[in-house]
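> This is the structure alone, sequence omitted:
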């Protein structure tokens with residue numbers, strides 16, 4: 001029987017779980033930015049420039 005992701009994660013050390021979750025969050029953020037760029041028809045540089053202006 002295949003191991004469920006939650007079961008597998010529960011068997012990892014807390015440090016390993018934190019690293020895995022941090023990487024997953026990083027990947028999700030990257031995907032969201034990619035989708036935003038596509039929706040707005042922007043290059044990566046254009047999106048970065050617009051984001052820089054909103055942080056000032």
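Here it is on my side, so go on. Please read all numbers here as calculations on a predicted model, not as lab measurements.

> following the longest helix anywhere in the chain, which helix or strand comes up?
Longest helix in the chain by number of residues (criterion: DSSP state H): helix 14-40. Elements were assigned by DSSP states H and E; along the chain past helix 14-40, the next helix or strand is helix 44-54.

> got any ranges where the chain has weak pLDDT?
Low-confidence segments of the chain, defined by pLDDT under 70, span residues 1-2, 55-56.

> one more time with 50, if that's ok
Judged against pLDDT under 50, the low-scoring parts of the chain cover residues 1.

> tell me the phi and psi of residue 12?
Main-chain torsions, residue 12, degrees, to the nearest 10: phi -90, psi 160.

> so it touches residue 18, yeah?
No: Residue 12 is not in contact with residue 18 according to C-beta atoms under 8 Å; the separation is 9.4 Å. For the C-beta atoms, the positions are set from N, CA and C on the backbone; glycine is no exception.

> got the contact list for residue 9?
17, 20 (C-beta atoms under 8 Å, 6 or more residues apart in numbering).
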